[in-house]
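Asker: here's a sequence, model it:
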Amino acid sequence: MLHRTILTAVATLGLVGQFAMTHPVSAQALPPEVAKSKVVRVAIEAAYPPLEVRNTAGELEGFDIDLIRAMGKVLGVTIEHQDGAFEQMTPSLQSGRVDMIMSGFYDTPKRRAMFDFIDYLKAGAQFYSLAANKEVQKLEDLCGKTVSSVRGTSYPDTIKAFSDKICAGKEPITVILDTNLGQQITNLKTGRIVAGVQGLEAVPTIVQTDPGTFTILGEPISMALMGMAFNKDADSTTLRDAYAYALKQVIADGTYDQLIKKWKLDISAYKDVSINAGPQP
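Answerer: Below is the predicted model:
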(Lines give C-alpha, C1' and ligand atoms only; values in the text may rest on other atoms or scores of the structure.)
Protein backbone atom coordinates (compact mmCIF):
# COMPACT_ATOMS: atom_id res chain seq x y z
CA MET A 1 0.00 0.00 0.00
CA LEU A 2 2.79 2.40 0.88
CA HIS A 3 4.58 1.67 -2.39
CA ARG A 4 1.35 2.30 -4.34
CA THR A 5 0.82 5.60 -2.51
CA ILE A 6 4.32 6.79 -3.36
CA LEU A 7 3.93 5.87 -7.03
CA THR A 8 0.64 7.76 -7.17
CA ALA A 9 2.27 10.87 -5.70
CA VAL A 10 5.05 10.73 -8.27
CA ALA A 11 2.65 10.30 -11.17
CA THR A 12 0.66 13.30 -9.96
CA LEU A 13 3.80 15.41 -9.98
CA GLY A 14 4.62 14.39 -13.54
CA LEU A 15 8.00 12.77 -12.75
CA VAL A 16 8.01 10.50 -15.75
CA GLY A 17 10.46 8.42 -17.75
CA GLN A 18 13.23 6.23 -16.43
CA PHE A 19 13.83 8.54 -13.45
CA ALA A 20 10.27 8.12 -12.18
CA MET A 21 9.97 4.44 -13.04
CA THR A 22 13.14 3.38 -11.28
CA HIS A 23 13.20 5.82 -8.35
CA PRO A 24 9.72 6.83 -7.16
CA VAL A 25 9.84 9.42 -4.39
CA SER A 26 7.69 11.25 -1.93
CA ALA A 27 8.40 14.38 0.08
CA GLN A 28 9.49 12.18 2.99
CA ALA A 29 11.91 9.97 1.02
CA LEU A 30 15.35 11.04 2.24
CA PRO A 31 18.55 9.04 2.86
CA PRO A 32 18.66 7.75 6.46
CA GLU A 33 21.54 10.03 7.50
CA VAL A 34 19.87 13.13 6.08
CA ALA A 35 16.49 12.13 7.53
CA LYS A 36 18.16 11.93 10.94
CA SER A 37 20.34 15.06 10.80
CA LYS A 38 17.96 17.20 8.70
CA VAL A 39 21.07 18.76 7.13
CA VAL A 40 22.20 18.70 3.48
CA ARG A 41 25.78 19.74 2.76
CA VAL A 42 26.17 21.63 -0.51
CA ALA A 43 29.42 22.53 -2.30
CA ILE A 44 29.57 26.02 -3.78
CA GLU A 45 32.06 28.62 -4.96
CA ALA A 46 30.60 31.92 -3.77
CA ALA A 47 32.14 34.00 -6.54
CA TYR A 48 29.66 33.59 -9.37
CA PRO A 49 26.98 36.29 -9.46
CA PRO A 50 24.04 36.15 -9.77
CA LEU A 51 24.00 32.48 -8.72
CA GLU A 52 26.11 32.57 -5.56
CA VAL A 53 28.15 35.38 -4.05
CA ARG A 54 28.84 36.97 -0.68
CA ASN A 55 27.38 40.43 -0.07
CA THR A 56 29.17 43.24 1.75
CA ALA A 57 28.15 41.70 5.07
CA GLY A 58 29.73 38.40 4.07
CA GLU A 59 26.37 36.66 3.73
CA LEU A 60 25.59 34.24 0.91
CA GLU A 61 23.06 35.38 -1.65
CA GLY A 62 22.05 34.61 -5.22
CA PHE A 63 19.64 32.54 -7.28
CA ASP A 64 21.12 29.16 -6.30
CA ILE A 65 21.18 30.14 -2.63
CA ASP A 66 17.53 31.20 -2.65
CA LEU A 67 16.39 28.22 -4.70
CA ILE A 68 18.07 25.52 -2.65
CA ARG A 69 16.81 27.06 0.58
CA ALA A 70 13.28 27.05 -0.84
CA MET A 71 13.67 23.39 -1.78
CA GLY A 72 15.07 22.69 1.68
CA LYS A 73 11.86 24.03 3.20
CA VAL A 74 9.85 21.62 1.08
CA LEU A 75 11.97 18.71 2.32
CA GLY A 76 12.25 19.93 5.91
CA VAL A 77 16.05 20.16 5.84
CA THR A 78 18.64 22.86 6.60
CA ILE A 79 21.26 23.73 3.98
CA GLU A 80 24.92 23.77 5.04
CA HIS A 81 26.97 25.48 2.33
CA GLN A 82 30.64 24.56 2.00
CA ASP A 83 32.37 27.38 0.12
CA GLY A 84 35.60 26.64 -1.73
CA ALA A 85 37.40 26.71 -5.08
CA PHE A 86 35.43 25.51 -8.10
CA GLU A 87 37.89 22.73 -8.91
CA GLN A 88 37.51 21.33 -5.37
CA MET A 89 33.78 20.72 -5.69
CA THR A 90 34.14 17.50 -7.68
CA PRO A 91 36.53 15.76 -5.22
CA SER A 92 34.44 17.02 -2.30
CA LEU A 93 31.36 15.29 -3.67
CA GLN A 94 33.24 12.14 -4.69
CA SER A 95 34.74 11.79 -1.21
CA GLY A 96 31.42 12.35 0.56
CA ARG A 97 32.46 15.60 2.25
CA VAL A 98 29.33 17.11 0.71
CA ASP A 99 26.01 15.63 -0.37
CA MET A 100 25.57 17.60 -3.59
CA ILE A 101 26.95 20.39 -5.78
CA MET A 102 24.83 23.39 -6.78
CA SER A 103 27.11 26.16 -8.00
CA GLY A 104 27.25 27.01 -11.70
CA PHE A 105 27.92 23.31 -12.44
CA TYR A 106 27.00 22.12 -15.93
CA ASP A 107 25.37 18.77 -16.63
CA THR A 108 27.76 17.41 -19.27
CA PRO A 109 28.19 13.90 -20.72
CA LYS A 110 31.73 13.74 -19.30
CA ARG A 111 30.60 14.59 -15.77
CA ARG A 112 27.73 12.09 -15.94
CA ALA A 113 30.33 9.33 -15.80
CA MET A 114 30.75 10.38 -12.14
CA PHE A 115 27.51 12.10 -11.14
CA ASP A 116 23.77 12.31 -11.73
CA PHE A 117 22.19 15.71 -12.41
CA ILE A 118 18.90 17.52 -11.95
CA ASP A 119 18.74 20.22 -14.63
CA TYR A 120 17.27 23.55 -13.52
CA LEU A 121 18.70 26.41 -15.66
CA LYS A 122 19.67 27.02 -19.27
CA ALA A 123 23.31 27.97 -19.58
CA GLY A 124 26.20 28.23 -22.02
CA ALA A 125 29.59 29.81 -22.67
CA GLN A 126 29.72 33.55 -23.34
CA PHE A 127 32.73 35.77 -24.12
CA TYR A 128 33.02 39.24 -22.62
CA SER A 129 35.75 41.87 -22.97
CA LEU A 130 36.70 45.40 -22.00
CA ALA A 131 34.48 47.96 -23.68
CA ALA A 132 37.57 50.06 -24.41
CA ASN A 133 39.39 47.24 -26.20
CA LYS A 134 38.96 48.15 -29.87
CA GLU A 135 41.22 45.26 -30.85
CA VAL A 136 38.39 42.82 -30.16
CA GLN A 137 35.05 43.81 -31.65
CA LYS A 138 33.70 40.46 -32.86
CA LEU A 139 34.31 36.79 -32.11
CA GLU A 140 36.55 36.31 -35.16
CA ASP A 141 38.95 38.87 -33.65
CA LEU A 142 39.83 36.36 -30.91
CA CYS A 143 41.83 34.17 -33.30
CA GLY A 144 45.50 34.35 -32.35
CA LYS A 145 44.63 36.03 -29.03
CA THR A 146 44.69 34.84 -25.42
CA VAL A 147 41.50 34.40 -23.42
CA SER A 148 40.80 32.78 -20.06
CA SER A 149 38.45 30.32 -18.45
CA VAL A 150 38.01 29.41 -14.79
CA ARG A 151 39.85 26.28 -13.71
CA GLY A 152 37.73 23.14 -13.40
CA THR A 153 34.98 24.25 -15.81
CA SER A 154 34.00 22.68 -19.13
CA TYR A 155 34.83 25.91 -20.96
CA PRO A 156 38.40 25.08 -22.16
CA ASP A 157 37.05 22.21 -24.30
CA THR A 158 34.23 24.45 -25.53
CA ILE A 159 36.67 27.22 -26.49
CA LYS A 160 38.94 24.76 -28.32
CA ALA A 161 36.03 23.41 -30.36
CA PHE A 162 34.93 26.97 -31.13
CA SER A 163 38.49 27.97 -32.08
CA ASP A 164 38.89 24.97 -34.39
CA LYS A 165 35.74 26.08 -36.20
CA ILE A 166 36.05 29.86 -36.36
CA CYS A 167 39.83 30.12 -36.68
CA ALA A 168 40.35 27.53 -39.42
CA GLY A 169 43.42 28.64 -41.41
CA LYS A 170 44.30 31.24 -38.75
CA GLU A 171 46.14 31.21 -35.44
CA PRO A 172 44.01 29.46 -32.81
CA ILE A 173 42.67 31.00 -29.62
CA THR A 174 44.99 30.43 -26.65
CA VAL A 175 43.34 29.63 -23.31
CA ILE A 176 44.80 30.22 -19.85
CA LEU A 177 43.12 29.09 -16.64
CA ASP A 178 42.15 31.45 -13.83
CA THR A 179 41.31 30.45 -10.28
CA ASN A 180 38.07 32.45 -10.14
CA LEU A 181 36.16 35.36 -11.64
CA GLY A 182 38.15 37.92 -9.66
CA GLN A 183 41.44 36.73 -11.13
CA GLN A 184 39.91 36.69 -14.60
CA ILE A 185 38.79 40.31 -14.29
CA THR A 186 42.26 41.32 -13.07
CA ASN A 187 43.89 39.60 -16.05
CA LEU A 188 41.44 41.32 -18.38
CA LYS A 189 42.08 44.77 -16.93
CA THR A 190 45.86 44.31 -16.96
CA GLY A 191 45.91 43.12 -20.57
CA ARG A 192 47.07 39.56 -19.97
CA ILE A 193 43.94 38.39 -21.80
CA VAL A 194 41.67 40.09 -24.33
CA ALA A 195 38.49 38.30 -23.28
CA GLY A 196 37.09 36.01 -20.62
CA VAL A 197 34.51 33.25 -20.78
CA GLN A 198 31.75 32.85 -18.22
CA GLY A 199 28.24 31.46 -18.35
CA LEU A 200 25.59 33.39 -20.27
CA GLU A 201 23.69 33.44 -16.96
CA ALA A 202 26.54 35.38 -15.30
CA VAL A 203 27.93 37.73 -17.95
CA PRO A 204 25.00 40.21 -17.91
CA THR A 205 25.52 40.68 -14.15
CA ILE A 206 29.27 41.21 -14.64
CA VAL A 207 28.57 43.90 -17.25
CA GLN A 208 25.86 45.60 -15.15
CA THR A 209 27.96 45.62 -11.98
CA ASP A 210 30.59 47.89 -13.54
CA PRO A 211 28.74 49.93 -16.20
CA GLY A 212 30.84 51.05 -19.14
CA THR A 213 33.80 48.80 -18.27
CA PHE A 214 32.80 45.52 -19.88
CA THR A 215 30.90 44.47 -22.97
CA ILE A 216 29.35 41.21 -24.14
CA LEU A 217 31.20 39.83 -27.14
CA GLY A 218 29.01 38.18 -29.74
CA GLU A 219 26.49 35.42 -29.15
CA PRO A 220 26.98 32.49 -26.73
CA ILE A 221 29.33 29.90 -28.24
CA SER A 222 27.54 26.93 -26.68
CA MET A 223 24.33 25.90 -24.99
CA ALA A 224 24.18 23.80 -21.85
CA LEU A 225 22.05 22.96 -18.84
CA MET A 226 22.94 23.85 -15.27
CA GLY A 227 22.58 20.93 -12.92
CA MET A 228 22.53 19.93 -9.27
CA ALA A 229 25.05 17.09 -9.02
CA PHE A 230 24.80 13.94 -6.89
CA ASN A 231 26.85 10.78 -6.51
CA LYS A 232 25.45 7.57 -8.03
CA ASP A 233 25.12 5.40 -4.90
CA ALA A 234 21.68 4.45 -3.59
CA ASP A 235 21.48 7.09 -0.83
CA SER A 236 22.58 9.86 -3.21
CA THR A 237 20.00 8.74 -5.77
CA THR A 238 17.33 8.94 -3.08
CA LEU A 239 18.47 12.48 -2.29
CA ARG A 240 18.52 13.38 -5.98
CA ASP A 241 14.93 12.20 -6.39
CA ALA A 242 13.84 14.10 -3.28
CA TYR A 243 15.31 17.30 -4.72
CA ALA A 244 13.62 16.67 -8.07
CA TYR A 245 10.35 16.44 -6.13
CA ALA A 246 11.15 19.65 -4.24
CA LEU A 247 12.07 21.50 -7.43
CA LYS A 248 8.75 20.48 -8.97
CA GLN A 249 7.02 21.91 -5.91
CA VAL A 250 8.75 25.32 -5.99
CA ILE A 251 8.04 25.57 -9.71
CA ALA A 252 4.38 24.74 -9.16
CA ASP A 253 3.90 27.28 -6.35
CA GLY A 254 5.53 30.12 -8.32
CA THR A 255 8.69 30.44 -6.20
CA TYR A 256 10.95 29.52 -9.11
CA ASP A 257 9.48 32.23 -11.35
CA GLN A 258 9.80 34.79 -8.55
CA LEU A 259 13.49 33.99 -8.13
CA ILE A 260 14.11 34.07 -11.89
CA LYS A 261 12.65 37.58 -11.93
CA LYS A 262 14.48 38.67 -8.77
CA TRP A 263 17.90 37.67 -10.17
CA LYS A 264 17.15 38.75 -13.79
CA LEU A 265 17.63 35.29 -15.25
CA ASP A 266 14.68 35.23 -17.67
CA ILE A 267 16.90 34.03 -20.53
CA SER A 268 17.98 31.05 -18.41
CA ALA A 269 14.62 29.82 -17.06
CA TYR A 270 14.24 26.04 -17.40
CA LYS A 271 11.28 24.29 -15.80
CA ASP A 272 11.45 20.83 -17.35
CA VAL A 273 13.23 19.29 -14.31
CA SER A 274 15.07 16.86 -16.57
CA ILE A 275 17.54 14.27 -15.31
CA ASN A 276 20.94 13.88 -16.99
CA ALA A 277 19.75 15.69 -20.14
CA GLY A 278 22.51 18.28 -20.61
CA PRO A 279 24.10 18.41 -24.10
CA GLN A 280 27.80 18.63 -24.81
CA PRO A 281 28.44 22.39 -24.41
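Asker: switch to C-alpha atoms for all contacts and neighbour counts from now on
Answerer: Will do.
Asker: sort out which residues of stretch 238-255 are buried, please.
Answerer: For stretch 238-255, the neighbour count (16 or more other CA atoms under 10 Å) marks 238-251, 255 as buried.
Asker: actually stretch 174-194, sorry about that
Answerer: Neighbour-count burial for stretch 174-194 flags 174-175, 177-178, 180-181, 184-185, 187-189, 193-194 (criterion: 16+ other CA under 10 Å).
Asker: relative to D210, which of those is nearest.
Answerer: Taking CA to CA as the measure, D210 sits nearest to I185 out of the buried residues of stretch 174-194, at 11.2 Å.
Asker: could you give the backbone dihedrals for the closest one?
Answerer: phi -60, psi -40 (degrees, to the nearest 10).
Asker: could you find the closest non-adjacent residue to it?
Answerer: Spatial nearest neighbour of I185, chain neighbours left out: G196 (7.8 Å); criterion: CA to CA, 6 or more residues apart in numbering.
Asker: so what's the one you found bridging to?
Answerer: Y128, S148 (DSSP bridges).
Asker: ok, P279 touching L225?
Answerer: Yes: at 7.2 Å, P279 counts as touching L225 under the criterion of CA atoms under 8 Å.
Asker: those two: which has the busier surroundings?
Answerer: L225 (26 against 13; other CA atoms under 10 Å).
Asker: so which strand or helix has the more buried one?
Answerer: Taking DSSP states H and E as the criterion, L225 maps to strand 224-230.
Asker: following element in sequence after that strand, please.
Answerer: Following strand 224-230 toward the C-terminus (DSSP H and E): helix 234-252.
Asker: low-confidence ranges in the chain?
Answerer: Applying pLDDT under 70 to the chain picks out residues 1-28.
Asker: now do the strands in it.
Answerer: Assigned by DSSP state E, the chain shows strands spanning 39-44, 47-48, 52-54, 60-61, 78-83, 100-101, 116-123, 125-130, 146-150, 174-178, 195-199, 214-217, 224-230.
Asker: and Q208, how far is that from A202?
Answerer: Distance of Q208 to A202, computed by CA to CA, to the nearest Å: 10 Å.
Asker: which of the two has more neighbours?
Answerer: A202 (20 against 12).
Asker: who's in contact with that one?
Answerer: By CA atoms under 8 Å, 6 or more residues apart in numbering, the contact list for A202 reads 48-51.
Asker: between the residues you listed, which is nearest S163?
Answerer: Nearest to S163 among the contacts of A202 is Y48, at 25.0 Å by CA to CA.
Asker: distance of the closest one relative to S154?
Answerer: To S154, Y48 is 15 Å away according to CA to CA.
Asker: higher neighbour count, these two?
Answerer: A direct count of neighbours by other CA under 10 Å for Y48 and S154 places Y48 higher, at 23 against 20.
Asker: show me what contacts the spatially closest residue to Q126 that is not a sequence neighbour?
Answerer: Using CA to CA, 6+ apart and skipping residues adjacent in sequence, the residue nearest Q126 is P220, 4.5 Å away. Neighbour list for P220: 124-127, 200 [criterion: CA under 8 Å, 6+ apart].
Asker: for these, which one is nearest D66?
Answerer: L200 (19.5 Å).
Asker: which stretches of the stretch 51-200 of the chain form helices?
Answerer: 63-75, 89-95, 155-166, 181-189 (DSSP state H, counting those that start in this stretch).
Asker: reformat those helices as CSV; add distance to A43.
Answerer: Shown next, in CSV, are the helices of the stretch 51-200 of the chain (distance: least, CA to CA, whole Å):
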stretch, distance to A43
helix 63-75, 11
helix 89-95, 6
helix 155-166, 20
helix 181-189, 17
